[in-house]
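Undergrad: Show me the folded form of this:
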Amino acid sequence: MKNNEKSSQIQLMATAAFGLEAVVSREIKALGYDVLETENGRVTFTGPPEAICRSNLWLRTAERVLLKVGEFHASTFDELFEKTKALDWSRWIPVNGRFPVTGKSVKSQLGSVPDCQAIVKKAVVESLKKTYRKEWFEENEGDYKIEVALLKDKATLTIDTSGEGLHKRGYRKSTHQAPLKETLASALVQLSFWKPERVLIDPFCGSGTIPIEAAMIGKNLAPGMNREFVSELWPWIQASDWRQARKETHDVARYEEPVQIQGFDVDERALRSARHYSQEAFLEDEIHFEARDFRELRSRYYYGCVITNPPYGERMSDEEEVKKIYTEFGKALQNLETWSKYILTAYPDLETDFGKKADRRRKLYNGRIMCQYYQYQGPRPPRKKENQEDAAVKHNSVSAE
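TA: Predicted coordinates for the structure are as follows:
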């Protein structure tokens with residue numbers, strides 16, 4: 001990339017699970033980038049080329065970061081071919097770059113995804129031929145995965161900058177799929193009022209995704225700091241940009257920040273996995289995992305947060321058993337009357353069985369399952385003891401006067 005191109009703004013898209021777009025948008029703005037548009041499942045934003053590095057390293061709730069190459073109307077195959085060919089693909093793909101094409105089509109006249117993929121592939125080749133003056137490309141260097149996404153005859157062409165999905169932080173090495181993605185777990189924490197100085201308990205912690213993600217947030221650890229991204233090998237992104245972005249993750253990390261996070265479960269196998277994953281995330285000293293039934297939920301702390309994803313119908317076949325769990329869980333939460341509670345579930349009768357309406361509800365998707373995030377706000381904790389003591393001294397001084 002030329003120097004003037006290096007300093008120019010590029011358009012990127014962060015994809016997200018339905019319901020999390022606003023959270024992703026907030027994260028992008030916190031990184032200092034301008035959000036152009038927030039739509040279902042994606043947030044479009046602009047930034048310099050190094051934004052690819054920082055957004056991949058820092059976005060906790062996005063699924064992927066895509067480079068937006070072009071967008072146009074296409075209702076015929078000829079239109080798709082010519083408009084794809086007209087884009088400057090050589091700006092992004094080197095002469096021997098590998099560029100497989102994937103696709104999807106929703107409510108569009110071009111409904112055959114394999115045909116759309118083939119046409120885009122051919123058009124990109126023709127575009128590269130003009131620049132590189134070659135008839136054959138070996139495609140043996142790097143990965144530049146192109147996606148053609150058609151929605152209501154609007155074609156959006158992107159290149160994936162992430163590689164593996166951003167939910168893969170690096171601490172969960174096994175192929176076992178957790179019931180809750182890391183991106184969604186992080187969103188649950190960010191949508192709560194939890195702060196690092198408050199206690200957090202997950203009474204159905206399973207393999208520990210919510211506690212681990214909370215600890216990373218509390219200590220300001222970048223979710224991507226211990227993994228690699230496909231765009232790290234792209235020649236037009238300066239290696240120094242990646243080095244600086246990774247250095248930043250260590251410079252701003254609050255390694256010494258204390259957090260009080262506990263995960264309970266009755267499944268010893270799940271707890272072993274939770275402890276192992278916390279070690280892989282270098283957080284084994286920050287999270288206390290314990291075999292404890294949710295009915296024994298209690299704490300010596302007066303204020304705190306419960307953030308959890310209990311079992312529900314899709315994971316349990318016995319409806320009566322599910323109802324019993326939620327009724328007993330509601331009773332157990334009464335032991336933490338002054339705590340805030342945040343519960344993600346697809347179980348429809350939670351408020352009825354709890355005997356109390358949530359202060360807020362938010363529709364979120366756990367995979368393909370539509371859930372509600374029930375939020376019960378506890379009383380606001382008082383200010384830190386030091387501030388209270390200062391206020392008391394000031395009050396006494398005024399009274400004495």
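
Undergrad: Any regions of the stretch 251-400 of the chain where pLDDT drops low?
TA: 313-317, 384-400 (pLDDT under 70).

Undergrad: Could you pull out the strands in it for me?
TA: Taking DSSP state E, counting those that start in this stretch, the strands of the stretch 251-400 of the chain run over residues 260-265, 287-291, 304-308, 340-345, 360-366, 369-376.

Undergrad: moving C-terminal of the longest strand that the chain contains, what's the next helix or strand?
TA: Counting residues, the longest strand found in the chain (DSSP state E) is strand 64-73. Using DSSP states H and E, the next helix or strand after strand 64-73 towards the C-terminus is helix 77-85.

Undergrad: Any buried residues in that following helix, and which?
TA: 79-81, 83-85 (16 or more other C-beta atoms under 10 Å). Heads up, the C-betas are built off the backbone N, CA and C, glycines and all.

Undergrad: List the strands paired with whichever helix or strand comes after it, with their directions.
TA: Downstream of helix 77-85, the first helix or strand assigned by DSSP H and E is strand 97-98. Taking DSSP bridges as the criterion, strand 97-98 forms sheet pairs with strand 141-143 (parallel).

Undergrad: For the buried residues of helix 77-85, give me JSON lines that also has pLDDT and distance to Asn220.
TA: Formatted as JSON lines, the buried residues of helix 77-85 follow (pLDDT from 0 to 100; distance: C-beta to C-beta, whole Å):
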{"residue": "Glu79", "pLDDT": "97", "distance to Asn220": "47"}
{"residue": "Leu80", "pLDDT": "98", "distance to Asn220": "44"}
{"residue": "Phe81", "pLDDT": "98", "distance to Asn220": "47"}
{"residue": "Lys83", "pLDDT": "98", "distance to Asn220": "43"}
{"residue": "Thr84", "pLDDT": "98", "distance to Asn220": "41"}
{"residue": "Lys85", "pLDDT": "97", "distance to Asn220": "45"}
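
Undergrad: domain assignment for the protein?
TA: 3-160, 182-219+254-376 (automatic domain parsing).

Undergrad: can you put those domains in TSV and add distance to Trp234?
TA: Listed next are the domains of the chain as TSV, based on distance: least, C-beta to C-beta, whole Å:
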stretch	distance to Trp234
domain 3-160	6
domain 182-219+254-376	24
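
Undergrad: Which of those sits closest to His167?
TA: domain 182-219+254-376 (4.5 Å; C-beta to C-beta).

Undergrad: the helices in the protein, which residues?
TA: Here the chain has its helices, by DSSP state H, at 3-6, 21-30, 51-58, 77-85, 113-132, 182-190, 209-218, 239-251, 268-280, 319-333, 350-354, 385-400.

Undergrad: Mind checking those helices for the one nearest to Leu200?
TA: Of all the helices of the chain, helix 209-218 comes closest under C-beta to C-beta, at 5.4 Å.

Undergrad: Surely Gly263 and Glu286 touch.
TA: No. Using C-beta atoms under 8 Å, Gly263 makes no contact with Glu286, being 11.2 Å away.

Undergrad: Comparing the two, which residue is more hemmed in?
TA: Gly263 (29 against 20; other C-beta atoms under 10 Å).

Undergrad: Tell me, how many residues neighbour the nearest residue to the more buried one once chain neighbours are set aside?
TA: What sits nearest to Gly263 in space, not counting adjacent residues and going by C-beta to C-beta, 6 or more residues apart in numbering, is Cys205, at 3.2 Å. For Cys205, the count of nearby residues is 27 (other C-beta under 10 Å).

Undergrad: Alright, that wraps it up for me.
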